[in-house]
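[1] structure, please.
(one chain, ligands or ions: 1)
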Amino acid sequence: MAEKYDFDEIIDRRGTDSVKWDLAQDPEVLPMWVADMDFRTAPEITEALINKVSGGLFGYGSIPENFYESIIGWWRDVHHFTVRREWILAGPGMIPTLSAIVRTFLKPGESMIIQPPVYNHFFTVIENCGMHLVKNNLIFENGDYKIDFEDLETKAADPGTKLLLLCNPHNPVGKAWQKKELEKIAEICSRHEVMVVSDEIHADLVLKGHQHHPFVGAAEGYALRHITCGSPCKTFNLASLPIAYSISPDLQVLERIRKTLEMQETAYPNPLAAEALIAAYTNGRAWLEELKDYLAGNFEYLQQFCTEYLPEVLVIPLQATYLVWLDCSALNEDSAGLTKILLDEEKLWLNPGTMYGESGEGFIRINIACPRELLSWGLSRLRNYRNRKVAAGS
Ligand SMILES: Cc1ncc(COP(=O)(O)O)c(C=O)c1O
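    Okay, here's the model as predicted:
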């Protein structure tokens, strides 16, 4: 079928108040770091926003019923999971939602588990909420990642441990966790009365051949407090219209989060963000399917490029997200040093693996959600570094 959307268009984002493009002063810098795509959002969303804005009505807004209906429809059609209307609580962006959840259920100083290398703001949420960080590092074996269940068991068994913050799918290692893995987490956490909060902001970006399993589904049948958090913001590139929602069959849990959001004065999502969510979940499916094909093409391109020109770089398989995790330890063991050299000398801005915990040492993260031509420029800059390094014999 012919493509309807143009993901090849190179959009000049400089001067658009973009964190990704305007933070670097040097116009030569190619940013491939923050999780923000160089594509316009789905035109169906832009159209809905134009309609809303053109009415000029910006008085206090309420969340319409189709906000909930669109979430229910999306989870049914895309993730084959039935969410009930009363299980949904609207909230601000993902990070403020996670932070509100942590503050609701934990007292400062209590322990919560994360699974590094993991999204850097998980560390800041823990720190900002005054919690104690417990690491259940993922195991890196034969070029792939898996959960260390033995270690999770030990850490969950500590009576001070109250919560596991799960990244499902996992940023930055690109894993779409299997249902049996999630069930095992549910089983361990239910035995030790550890609550599970599953950040599923990348749920829709599971590439073909893989499947997203919502934690709320995997946890069915376990006596466990759990919350699954969703958002259209990564999927549709809507970071500047932050919105997220919590899903839990435990209505008391939702009520307690609602109270915290109210206390923080963050209980009412921005109506434009809510409008974007409704449009995305009602009319965005065709765009998403094409986006995923394009991303899969970009990943294939990257793999071929690495095989041909960057043989020292190990590409970690990408099941989900548009963030590729590269083991560059054979080129440079110091990932922060490597990303600094790439920025200073090659004008390529990537994330060092250590941003996601010390177990990310030796790795870098590259964002491939851009037109293929930009990806090719970025990879060529990485190749220039590699060739100079090899030529210097070090
Ligand atoms: C796992 C994860 N959670 C949350 C976020 C950020 O969400 P928000 O911008 O809605 O706060 C990101 C952004 O990359 C992410 O990767």
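[2] contacting residues for Glu358?
    Pro116 (Cβ atoms under 8 Å, 6 or more residues apart in numbering). C-beta: built from backbone N, CA, C; applies to glycine.
[3] go on, His213?
    So His213 contacts Asn168, Ala176, Trp177, Gln178, Lys179, Leu182 (Cβ under 8 Å, 6+ apart).
[4] in strands, which of those appear?
    Among the contacts of His213, no member is found in strands (DSSP state E).
[5] most neighbours, which of the residues you listed?
    Most neighbours among the contacts of His213, by other Cβ atoms under 10 Å: Asn168, with 27 neighbours.
[6] isn't that one right next to Leu205, touching?
    No: using Cβ atoms under 8 Å, Asn168 and Leu205 do not qualify as a contacting pair, with a distance of 11.9 Å.
[7] need the contacts of His213 in CSV with distance to the ligand and pLDDT, can you?
    Listed next are the contacts of His213 as CSV, based on distance: Cβ to the nearest ligand atom, whole Å; pLDDT from 0 to 100:
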residue, distance to the ligand, pLDDT
Asn168, 9, 98
Ala176, 13, 98
Trp177, 13, 98
Gln178, 18, 98
Lys179, 19, 98
Leu182, 16, 98
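[8] so which of those sit within helices?
    Taking DSSP state H, the ones among the contacts of His213 that sit in helices are Lys179, Leu182.
[9] what about Ala274, how many residues nearby?
    Using other Cβ under 10 Å, the number of residues around Ala274 comes to 23.
[10] what helix or strand is it located in?
    Using DSSP states H and E, Ala274 sits in helix 271-283.
[11] that helix packs against which elements?
    helix 43-54, helix 65-79 (3 or more Cβ pairs under 8 Å, 6 or more residues apart in numbering; DSSP states H and E).
[12] what does this protein put close to the ligand?
    35, 93-95, 119, 167, 171, 199, 201, 231, 233, 239, 242, 244 (Cβ under 6 Å from any ligand atom).
[13] can we see that at 5 Å?
    Residues of the chain lying close to the ligand by Cβ under 5 Å from any ligand atom are Ala35, Gly93, Met94, Ile95, Tyr119, Asn171, Asp199, Ile201, Cys233, Pro242.
[14] most surrounded residue in those?
    Neighbour max across the residues of the chain next to the ligand (other Cβ under 10 Å) = Asp199, 30 neighbours.
[15] so Tyr385 versus Gly337, what's the distance?
    12 Å (Cβ to Cβ, to the nearest Å).
[16] now the helices and strands packed on helix 271-283 in TSV, please, with extra columns for mean pLDDT, mean neighbour count and distance to Leu348.
    Formatted as TSV, these follow (pLDDT from 0 to 100; neighbours: other Cβ atoms under 10 Å; distance: least, Cβ to Cβ, whole Å):
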stretch	mean pLDDT	mean neighbour count	distance to Leu348
helix 43-54	98	15	30
helix 65-79	98	17	34
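[17] so which of those helices is nearest Val253?
    helix 65-79 (17.3 Å; Cβ to Cβ).
[18] which other helices and strands contact that closest one?
    strand 88-91, helix 271-283, helix 285-309.
[19] turn those into TSV, including distance to Val324 and mean pLDDT.
    Converted to TSV, the helices and strands packed on helix 65-79 look like this (distance: least, Cβ to Cβ, whole Å; pLDDT from 0 to 100):
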stretch	distance to Val324	mean pLDDT
strand 88-91	29	96
helix 271-283	24	97
helix 285-309	6	98
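[20] buried stuff in stretch 233-252?
    Neighbour counts over stretch 233-252 (16 or more other Cβ atoms under 10 Å) mark 233-239, 241-249 as buried.
[21] next, name the residue at the spatial heart of this structure.
    Centroid-nearest residue in the chain: His202, 4.5 Å away (criterion: Cα atoms, centre = their mean).
[22] domain parsing of the chain, as residue ranges.
    19-41+285-392, 45-283 (automatic domain parsing).
[23] quick one: those as a markdown table, columns for distance to Asp6 too.
    Compiled in a markdown table, those are given as follows (distance: least, Cβ to Cβ, whole Å):
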| stretch | distance to Asp6 |
| --- | --- |
| domain 19-41+285-392 | 9 |
| domain 45-283 | 14 |
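[24] in stretch 183-200, what counts as buried?
    Applying 16+ other Cβ under 10 Å to stretch 183-200 flags 183-190, 192, 194-200 as buried.
[25] try stretch 321-335
    Using 16+ other Cβ under 10 Å as the burial criterion, the residues of stretch 321-335 that qualify are Thr321, Tyr322, Leu323, Val324, Trp325, Leu326, Asp327, Cys328, Ser329, Leu331, Asn332, Ser335.
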